[in-house]
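1. Fold the stuff below for me.
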Amino acid sequence: MEFPISDAISAQLTPFLSFERQHWAELRKSVPLKLTEQDLKPLLGFNEELSLDEVRTIYLPLTRLINYYIDENIRRQDVLHRFLGSESPKVPYIISIAGSVAVGKSTSARILQSLLSHWPIERKVDLITTDGFLHPLSYLQKHQLLQKKGFPISYDTPKLIRFLADIKSGKHHVKAPIYSHLTYDIIPDQFNVIDQPDILILEGLNVLQPNDNHANQIFVSDFVDFSIYVDADEALLKEWYIRRFLKFRQSAFSNPNSYFKHYANLSEQEAIATASQIWDEINGLNLKENILPTRERANLILKKGANHEVELVKLRK
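-> Numbers count the residues shown, from 1 in each chain. I've put the predicted structure just below:
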C-alpha cells in the first residue's frame, strides 16, 4: 500500500535549502560591495543588463558563503599535512559553474572572479571555460558531430580531466587550449597558462556531467570543490538565445572572419526562425538530454526569472 507524502515531509526530504531573493540577500550581512558600475560593465555578457543591486543581493552572500567553505578547506588540508607529516603543494580550490547556453554562466563566473579576488584578502582567481576542450572543428566535421557541438561527446574529456588533475596536483604553468567564438574553433598553438591559483573557476555546459559508460571512470566533478548551476525556464532560455543571436547578427556575424558570416544578411524574421530552429534542434535538445539532468548534482542552484534576475537560491544541505 502506498501512502501520500505530506508537503512538510517532502520539504524535509529535499537535499536543498531554498531561499527567496530577499531572504538570501539578508545573508550578505554587513559585507561591503567594492565593485562599481564601471567595474561591472566589462563583466556582463553580450545580452545581459545586470545591475549592482543583483550583485549585492545574490553574489555578495554567495561569495561570503564560498569564503567560509574555502577557509574550511584550508583547515582540512592543514590537518591532512600534519597527519602525513609532510608539506604538499598548494591545492587550488575549484568552483564549477554549469547551465544552459544563454543562461549567463560566463557573467556569473566573471562576477565571482572579481569578488573572490579581493575578499576577504587578495587571492589569485583564474577563470577557464570548457570551450577550449572542445574537439577541433576538423575533428567534429570528420566524425559528423557538428550538430552535437556542446554535447558531452563533442569534448575531449580526457584532456580536460588531465588539466584538472594537474591543477589539483599543484603543478606550475598548466596549459589550457583557447577557443575562438569568431572562428568557431580551437586557436592553434595558443594557450591560457594557469600557475597555481588560489581559486580556479571552471565554467561550462557539462561540468556536472557524469559518464555512464565506464563505472570506474573519473568525472570532471571529482576535482570540483563547489559547484553552481545557473537555471531558468526553457522558454526564457530560448528567448534569450534568440535575442543574443539577433545582436550577433548585427555585430560579430558581420565580421568577414566569422564562421557565421552567412547569417549576417538574414532578415530579422529569417534570423528569428533560424535561431529558433538551432535552439530546438541543438541547444534545447542538449539542455533536455544532458545539461538539465545534472542540475540536482550541484551544491547551489541559482534560478533566474525575467531580466536575468535570480528569484530563488537553492543550497545543498
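
2. which stretches of the stretch 201-317 of the chain form helices?
-> In the stretch 201-317 of the chain, the helices defined using DSSP state H, counting those that start in this stretch lie at 234-250, 268-278, 284-286.

3. Can you name every helix or strand that the last one contacts?
-> Contact analysis of helix 284-286 by 3 or more CB pairs under 8 Å, 6 or more residues apart in numbering; DSSP states H and E lists helix 234-250 as its packing neighbours. All C-beta spots, glycine's among them, are computed from the backbone N, C-alpha and C.

4. go again using 7 Å as the cut-off
-> Applying 3 or more CB pairs under 7 Å, 6 or more residues apart in numbering; DSSP states H and E, one finds that helix 284-286 contacts no other helix or strand.

5. and Asp126, that one's in a strand?
-> Yes - under DSSP: H, G, I helix; E, B strand; the rest coil, Asp126 sits within a strand.

6. Throw the helices of the stretch 201-317 of the chain into a markdown table and include mean neighbour count and distance to Pro210, thanks.
-> Listed next are these as a markdown table, based on neighbours: other CB atoms under 10 Å; distance: least, CB to CB, whole Å:
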| stretch | mean neighbour count | distance to Pro210 |
| --- | --- | --- |
| helix 234-250 | 17 | 22 |
| helix 268-278 | 14 | 27 |
| helix 284-286 | 18 | 16 |
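
7. any chance of the ones you listed in CSV, with distance to Ser86 and mean pLDDT too?
-> Formatted as CSV, the helices of the stretch 201-317 of the chain follow (distance: least, CB to CB, whole Å; pLDDT from 0 to 100):
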stretch, distance to Ser86, mean pLDDT
helix 234-250, 48, 93
helix 268-278, 53, 96
helix 284-286, 44, 98
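
8. Take the ones you listed and lay them out in JSON lines including distance to Leu17.
-> Shown next, in JSON lines, are the helices of the stretch 201-317 of the chain (distance: least, CB to CB, whole Å):
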{"stretch": "helix 234-250", "distance to Leu17": "24"}
{"stretch": "helix 268-278", "distance to Leu17": "37"}
{"stretch": "helix 284-286", "distance to Leu17": "29"}
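
9. Quote the end-to-end distance of stretch 297-307.
-> For stretch 297-307, the first and last residues are 26 Å from each other (CA to CA, to the nearest Å).

10. What residues does Leu164 make contact with?
-> By CB atoms under 7 Å, 6 or more residues apart in numbering, the contact list for Leu164 reads 220, 223.

11. Check it and give its pLDDT.
-> On the pLDDT scale, Leu164 is placed at 97.

12. Also the one 10 residues further on?
-> Model confidence at Val174, expressed as pLDDT, equals 97.

13. what do you get for the one 10 residues further on?
-> You'll see Tyr184 listed with a pLDDT of 95.

14. Make sure it is actually in contact with Lys261.
-> No - counting by CB atoms under 7 Å, Tyr184 does not reach Lys261; the two are 10.7 Å apart.

15. so what's in contact with the two at the same time?
-> The contact sets of Tyr184 and Lys261 do not overlap (CB under 7 Å, 6+ apart).

16. ok, and what's touching stretch 243-258?
-> Residues contacting stretch 243-258 (CB under 7 Å, 6+ apart): 46-47, 102, 182-183, 260-261, 263-264, 266, 268, 271, 275.

17. Looking at those, spot the one nearest Pro152.
-> Ala102 (18.6 Å; CB to CB).

18. show me the contacts for the closest one.
-> Per CB under 7 Å, 6+ apart, neighbours of Ala102: 237, 240-241, 244.

19. swap in Lys304?
-> Going by CB under 7 Å, 6+ apart, the list of residues near Lys304 reads 103, 230-232, 310-311.
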